[in-house]
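Trainee: pasted the sequence and its predicted model underneath.
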Amino acid sequence: MPVIVDKDQAKADPYPFVYVNADGTARELHPRERNFLETPFHPADGGRPYVKDKYSQKNGWGEVTGFLKRSKLPPGTRIFAAPDENPIKPMTKEDMKQFLRAKGVEVTENSDGSFTARKPNR
C-alpha cells in the first residue's frame with residue numbers, strides 16, 4: 001500500500017510536508033502527524049491523510065487547512081514551529097456531533113444511540 005512520505009523522504013531536513021493553518025500560515029508537523037503521513041493507506045481509505053495539491057486548495061469544509069508539500073508553499077509564507085501537543089486527537093461521538101453542528105450540518109440522534117448527519121439544502 002502506498003505512503004505519502006516514504007522512508008527516504010522522512011529523513012529529509014526540513015521535512016517535505018507542512019500543515020497549512022486556517023489563516024494561511026503554515027507550521028511544522030508534530031511527530032505523530034509525520035507518522036500519519038508515513039503510514040501505508042489504501043487509496044480508497046477515507047481515513048487516509050488529506051493532502052492538498054496546491055496551497056489555495058480548500059478542503060470539504062471550504063477551508064485552506066491541510067497537509068501540503070513544503071515546495072508548494074508560496075514564497076514568504078510564515079512557517080511556525082510544530083505544536084507541542086499532538087493535534088490529531090481521536091474524537092468521541094459527542095465531539096463529532098459538536099464539530100458537525102459547528103460546520104452547519106444537521107445532526108439527528110437515533111434511538112439506537114447512533115446519529116445521522118445531513119448537510120442542509122441551501
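Mentor: Noted; the coordinates are in hand. Numbers count the residues shown, from 1 in each chain.

Trainee: and the spatially most central residue of the chain, how far from Arg118?
Mentor: For the chain, the residue nearest the mean C-alpha position is Gly66 (4.6 Å; C-alpha atoms, centre = their mean). Going from Gly66 to Arg118 by C-beta to C-beta, to the nearest Å gives 24 Å. Every C-beta, even on glycine, is put in place using the N, C-alpha and C of the backbone.

Trainee: can you pull the domain assignment for the protein?
Mentor: Listed by automatic domain parsing, the domain ranges of the chain are 7-80, 90-122.

Trainee: do you have the helices of this protein handy? List them.
Mentor: Using DSSP state H, the helices of the chain run over 7-10, 31-37, 93-102.

Trainee: what's the most buried one of these?
Mentor: helix 31-37 (a mean of 17; mean count of other C-beta atoms under 10 Å).

Trainee: who does that one touch, helix- and strand-wise?
Mentor: The contact analysis (3 or more C-beta pairs under 8 Å, 6 or more residues apart in numbering; DSSP states H and E) places helix 31-37 against strand 17-20.
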